[in-house]
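K.L.:
Next comes the sequence, and after it the predicted model I'd like to discuss.
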Amino acid sequence: FYSGRCEGQMKPALVSVPKVIKIAMGSEHSFIQDEAGTLWASGNNKYGQLGIGNQNNQNRFTALASFTDAPIVDFDAGYNHSIFLASNGDVYAVGKNNRGQTGMGEGFEPCSSPVKVPTLKEIQLVSCGSEHTLVVNVKGDILGFGNNERGQLGMDKDCEVYFEPKPIDNLKDIRYICCGVSSSIAKDKQGRVWVFGDNSDGKLGLGDYDIRFTPTLLSEEYSDLFFTHTPATIKSARK
């Protein structure tokens, strides 16, 4: 999707958007932000996840219309949904909501224009998994919503879906977060790293392959290896 070709791009191609400062990629859609703060999107738009006001796929980066007076300071993309964070701490969501991944509540239909998540205030970090989302507020509290079938929200394993944001009680003073397809990782103020969710292939690094439905502390020997860059660079591919 980088250069407008639908059959795939086998070699790196220059994107015709100048001075990009931030990027995020979902399973089949991408976002970039230029130095003026404009967001650009390309890729699969079946559920409106590009936020451009329609459901037409885009094979070139297309600018999003402004949807908030406050500048967008962070954003991320899941499988079929996207999340945007404004400088005033408001969060906006777009795309599919079948598993509660937009945080807009049960029954909320897919939307193609970003809408503000009313229950989220003073947020400073966002991250999307395939069908789940994590956010952190200015107090360091972490909240999650969406699919929890594999424990990726770090909450009660008896509840597979959370349609609205809910605090993860076991985690406090969180400074960084990152979501994979169906697993999550967080770092707290003390530098401790917590992992939870799907652990197939041992992706949580705990020495086994068992799902973790609650946040589990990673051995301290790894703490300094994680999150050595700014939050904007900590993004993972979603399938």
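P.N.:
Yep, it's here. Numbers count the residues shown, from 1 in each chain.

K.L.:
can you list the weak-confidence ranges in this structure?
P.N.:
1-8, 221-239 (pLDDT under 70).

K.L.:
if we go to 50?
P.N.:
1-3, 225-237 (pLDDT under 50).

K.L.:
nearest residue to the residue nearest the centre of it other than its sequence neighbours?
P.N.:
Relative to the mean C-alpha position of the chain, the nearest C-alpha, by C-alpha atoms, centre = their mean, is the one of Cys128, at 1.9 Å. Nearest residue to Cys128, sequence neighbours excluded (C-beta to C-beta, 6 or more residues apart in numbering): Gly78, at 3.7 Å. Just so you know, the C-beta spots here come from the backbone N, C-alpha and C atoms, and that holds for glycine as well.

K.L.:
same check, this time on Ala65
P.N.:
Nearest to Ala65 is Gly53, by C-beta to C-beta, 6+ apart, at 6.7 Å.

K.L.:
still on that earlier bit, show me what contacts the residue nearest to the centre of the chain?
P.N.:
Residues near Cys128 by C-beta atoms under 8 Å, 6 or more residues apart in numbering: 26, 76-78, 81-83, 101, 179, 238.

K.L.:
What residues are bridge-paired with it?
P.N.:
Applying DSSP bridges to Cys128 yields these beta-bridge partners: Thr133.

K.L.:
do Ile177 as well
P.N.:
Ala186.

K.L.:
Give me the buried positions along stretch 58-77.
P.N.:
58, 61-62, 64, 67, 72-77 (16 or more other C-beta atoms under 10 Å).

K.L.:
nope, stretch 93-103 is what I meant
P.N.:
93-103.

K.L.:
who's in contact with that stretch?
P.N.:
Under the criterion C-beta under 8 Å, 6+ apart, residues 47-51, 78-84, 91, 104, 106, 108-115, 117, 119-120, 128, 131-133, 145-147, 161-165 lie in contact with stretch 93-103.

K.L.:
repeat that for 6 Å
P.N.:
47-49, 51, 78, 80-83, 104, 108, 110-111, 114, 117, 131-133, 145-147, 161-163, 165 (C-beta atoms under 6 Å, 6 or more residues apart in numbering).

K.L.:
Among the residues you listed, name the ones in strands.
P.N.:
Mapping these onto strands (DSSP state E) picks out 81-83, 111, 114, 132-133, 145-147, 161-163, 165.

K.L.:
And the furthest pair within the residues you listed?
P.N.:
Pro114 and Val161 (22.1 Å; C-beta to C-beta).

K.L.:
Having no further points to raise, I will conclude here.
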